[in-house]
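[1] Mind looking at a prediction? Sequence and model below.
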Amino acid sequence: MKEIKTDIIVAGGGLAGVCAAIAAAREGKTVALIQNRGVLGGNSSSEIRVWVCGATKHGVNRYARETGIMGELFLENQYRNLQGNVYHWDLLLLEKVKKEQNIQLFLNTEVTDVQMHSENRIAAVIAQTQAAENSYRFSAEYVIDCTGDGLVGAKAGAAFHMGRESQAEYGESLAPAEADQDLLGSTLLFYTKDVGEPVKFIAPPFAKKLTDTSILNNRTLKAADNGCAYWWIEWGGKLDTIHDNEAIRDELLAVVYGIWDHIKNSGEYDAATLDLEWVGTLPGKRESRRFIGDYVLTQQDIENQTLFEDRVAFGGWSIDLHPSTGMYTESAGARHVVADGVYHLPYRMLYSKNIDNLFFAGRNVSASHVAFGTIRVMATCGILGEAAGTAAAFAIEQECSPREIYQTHLAAYQQRLLKNDASVIGLVNQDADDLVKQATVSVSSQLTRLDTSTNQLTKRALTQGVGLIFPYTGQKELRVLLEAQVATDLQVAFYETGRQENYIPENLLEETTLSVQGGGRQWVTIPLPQGPARNIFMEFKENPELAVFFSSKVLPGVLTFINDPIAELNQPELHDYVRKSAILYWTNQKINRQNLVFQTAAGTCYQGGALINGMVRPYGMPNLWVSEESSKEETITLNWEEAKTVSEIRLTFNDDVNEDIVNLHHHRTNFEVVPELIKAYEIWGEYQGARQLLVKETDNRVRHLVHDLNPQPFDKLVVKLLETNGSPVKSMYEIRVY
């Protein structure tokens, strides 16, 4: 048996494990990443092929795309893999892990046992590599269980739960009256393709005859559907999804071939030239063990968007609960509850309450069955992995337990996450070592006017309400371009958005009615309600006698909506929404990267001070410095009264976290690089009048960059922003200097 000793063991190579391992390695800690399959990515890999969902909820939530390591993966995959090829995704994950010299990767290696120092502490993890006859004993200070099923934690004796808790347990309205062992089921997916000539399909004897099941009564088959469109091919929730996995796989495979047999041979579908391209054989598992930490996340935390003091991540997927009978159910395939925006996730759900050196991340974290229904999606699992990996590295530095991070070192740990651009909402950079806090910051220009008019406009009849969000900082009025053939009235309502992470019409401020003259296109001036700085949601109420105009100009902090319910609300056989937030009705999925044509002053929110306000994503305000509209070079200058020794510069650019980017095939985002990202830039250093070029980049596509320098004194740094990837303005969240 080979002995492998590292600082940290990460068991499980899904997205939670990948992000945990990379996070810990980048903190300078050695990591053994143990994965029982030949590929990384878990349910997102080429073996299972589930798209990576997260807080955006397919574009329902605003400014919700994850940053940090998960965001880095999204952006790089978008550049390399515009077609959504799952093998390119496999390759990207493998490359990212192999690039980290502190990670030792063990593929096809199954954990078989755990050795304990004592009742409360793991000493080692025993594993064996399939087909290689290699056995290993992995030892480390801390272990992160990202296995999904929680194999390491279970063998270590960590407290866990399986099944549904009763309503009385946590006071959850979605929980059953009595506790039971029901779980969310597992799924097998399949791909088809049109081969251009007739092709036959002979069903195997074990294929289900769909007419002998209830599936056709409750689900809709479409010949053109592929992959995750068949998420509802789900079963096993009445079984033990761990120990009955093979039986679940057999049943799912029989149904997959039965569905394909029905599509090909029933005569009800135009499928003569369609052929099977791929069929999964490894069930995509939704639920099994959930460990118990110092905090158990509940339904109320999601609905109320609880602002945890120890928040380290966020989510935004709906509480998405599926019936345990899966595809054979007579009810909807999923029951949903949505919050009014993204919600916060606490650190205390990431470590065991009874094993002193055990963290966990992914779908086995500390949450009730109901709350698990939302945090189980993979992008959320990934950012929890980054939080856990950073925590394990931090615990080694502080020589403390996971619990002691919360009790004694919470603020410092959260600041480490922020420094690395992790997905945390509403925390401010308070790093005393950041030299920018001692500098005077000046910028070459700033956006002074919000104007979405262009030479190419699209007219849209006001047959649906139209919404507009923009940052209000004291502007007196706003002008909107309208068209009216006859004299009529424009009705406008103004709302606050409620919480700073929400983008819905929440609290009515006032309503106004304005007269619009007939005779064609015209600008109409609308007085704005006065008050404190905040996002304002303007509702232009439906009036078929009016038309508004849209353009393709995207400006930071500006969002346009239409009153158009999401499609899932009209699919009762698949989706039952128990809580119907305004985010389901005020949407912009169909008008992505289009804006209502309007003009107003930009106010004060885009000034250079935004670079040092400590925020690196929208939260109430855009928290961005934005230049005027121009193709010219823009500069950001940092001046110190006394020279500072500089060894590291960190830049956080604007990657439009409102843009919903997925890894595979839910929808296609047509650009390879987010247009708002700075493409070309330089960093110049100056000391006593002598200037030198420190960094030159001509083809950037990354949001968060860390530039290491040979330590040397500077009394001035100048960041020259030369070119974007398509945006008419240059924008940036933050500069840090160490």
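    Noted; the coordinates are in hand. Numbers count the residues shown, from 1 in each chain.
[2] Only C-alpha atoms from now on, for both contacts and neighbour counts.
    OK.
[3] Now do the strands in the stretch 601-738 of the chain.
    For the stretch 601-738 of the chain, the strands identified by DSSP state E, counting those that start in this stretch occupy 625-626, 634-653, 678-687, 690-697, 704-724, 731-737, in order along the chain.
[4] Point out the most buried one among those strands.
    A comparison of the strands of the stretch 601-738 of the chain by mean neighbour count, using mean count of other Cα atoms under 10 Å, puts strand 625-626 on top with a mean of 26.
[5] May I ask you to confirm that I583 is in contact with I504?
    Yes. Distance between I583 and I504: 6.3 Å, which falls inside the contact criterion (Cα atoms under 8 Å).
[6] what's the overlap in contacts for these two?
    Residues touching both I583 and I504 by Cα atoms under 8 Å, 6 or more residues apart in numbering: D340.
[7] that older thread, nearest to L94, of the strands of the stretch 601-738 of the chain?
    Across the strands of the stretch 601-738 of the chain, L94 has its closest neighbour in strand 704-724 (20.7 Å, Cα to Cα).
[8] Look up how far V39 lies from T109.
    In this structure, T109 and V39 are separated by 11 Å, where distance is defined by Cα to Cα, to the nearest Å.
[9] Look at those two and report which has more neighbours.
    The neighbour count for T109 versus V39, taken as other Cα atoms under 10 Å, is higher for T109 (25 against 19).
[10] got a list of what that one touches?
    When contacts are counted by Cα under 8 Å, 6+ apart, T109 is found next to I34, Q35, N36, R37, A127, Q128, T129, Q130.
[11] So for it, what's the pLDDT?
    Note on T109: pLDDT of 98.
[12] Also T452?
    Looking at T452, its pLDDT is 97.
[13] quick one: contacts for it?
    For T452, counting by Cα under 8 Å, 6+ apart, the contacting residues are S551, S552, K553, V554, L555, N595, L596, V597, F598, Q599.
[14] burial of F549, as a residue count?
    Around F549 sit 23 other residues, with neighbours defined as other Cα under 10 Å.
[15] how many other residues sit next to K200?
    Using other Cα under 10 Å, K200 has 14 neighbouring residues.
[16] Only the buried subset of the contacts of T452, as a PyMOL command please.
    Typed into PyMOL, the line below selects the buried ones among these, using 16 or more other Cα atoms under 10 Å:
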select buried, resi 551+552+553+554+555+595+596+597+598+599
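[17] Tell me which two of the contacts of T452 sit farthest apart.
    Farthest-apart pair in those is S552 and Q599; separation 14.5 Å (Cα to Cα).
[18] gap between C53 and C228?
    According to Cα to Cα, C53 and C228 sit 11 Å apart.
[19] Sorry, slip of the keys, the one I care about is V152.
    With distances taken as Cα to Cα, V152 is found 30 Å from C228.
[20] Comparing the two, which residue is more hemmed in?
    Counting neighbours by other Cα under 10 Å for V152 and for C228 shows that V152 has the greater number, 27 against 20.
[21] Grab the nearest non-local neighbour of the more buried one.
    Taking Cα to Cα, 6 or more residues apart in numbering, and ignoring the residues beside it in sequence, V152 has D145 as its nearest neighbour in space, at 6.1 Å.
[22] Also L721?
    Here the residue nearest L721, using Cα to Cα, 6+ apart, is Y681, at 4.5 Å.
[23] Looking at the strands of the stretch 601-738 of the chain, which is nearest to S324?
    Go through the strands of the stretch 601-738 of the chain one by one with Cα to Cα and the one that ends up closest to S324 is strand 704-724, at 41.7 Å.
[24] Partner strands of the closest one and their direction?
    Using DSSP bridges, the strands paired with strand 704-724 are strand 634-653 (antiparallel), strand 678-687 (antiparallel).
[25] right, and those strands - which one's nearest G267?
    Among the strands paired with strand 704-724, the nearest to G267 by Cα to Cα is strand 678-687 (53.2 Å).
[26] Sketch out the helices for the stretch 301-450 of the chain, chain order is fine.
    Using DSSP state H, counting those that start in this stretch, the helices of the stretch 301-450 of the chain run over residues 369-375, 378-398, 402-408, 410-419.
[27] and those helices as JSON lines, adding distance to T6?
    Formatted as JSON lines, the entries for those read as follows, by distance: least, Cα to Cα, whole Å:
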{"stretch": "helix 369-375", "distance to T6": "29"}
{"stretch": "helix 378-398", "distance to T6": "12"}
{"stretch": "helix 402-408", "distance to T6": "18"}
{"stretch": "helix 410-419", "distance to T6": "22"}
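[28] Let me know which of the ones you listed is the nearest to W278.
    Comparing the helices of the stretch 301-450 of the chain under Cα to Cα, the one sitting nearest is helix 378-398, at 22.1 Å.
[29] list the buried ones in the closest one?
    378-396.
[30] Mind checking which of the contacts of T109 land in helices?
    Among those, DSSP state H puts none in helices.
[31] what would the residues you listed look like in a markdown table with pLDDT, distance to E277 and neighbour count?
    Converted to a markdown table, the contacts of T109 look like this (pLDDT from 0 to 100; distance: Cα to Cα, whole Å; neighbours: other Cα atoms under 10 Å):
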| residue | pLDDT | distance to E277 | neighbour count |
| --- | --- | --- | --- |
| I34 | 98 | 30 | 29 |
| Q35 | 98 | 27 | 28 |
| N36 | 97 | 25 | 21 |
| R37 | 97 | 22 | 20 |
| A127 | 98 | 34 | 25 |
| Q128 | 97 | 33 | 21 |
| T129 | 96 | 30 | 19 |
| Q130 | 89 | 27 | 15 |
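[32] Which member of those is positioned nearest N265?
    Within the contacts of T109, proximity to N265 (Cα to Cα) peaks at R37, which comes in at 35.3 Å.
[33] contacting residues for S551?
    S551 sits next to T452, S453, T454, Q456, L457, T458, Q594, N595, L596, V597 when contact means Cα under 8 Å, 6+ apart.
[34] Where do the domain boundaries of the chain fall?
    According to automatic domain parsing, the chain comprises the domains 2-166+287-419, 186-285, 435-446+606-737, 449-566+577-601.
[35] List just the one of those domains that sits closest to A177.
    Using Cα to Cα as the criterion, the shortest distance between A177 and the domains of the chain is 5.3 Å, found for domain 2-166+287-419.
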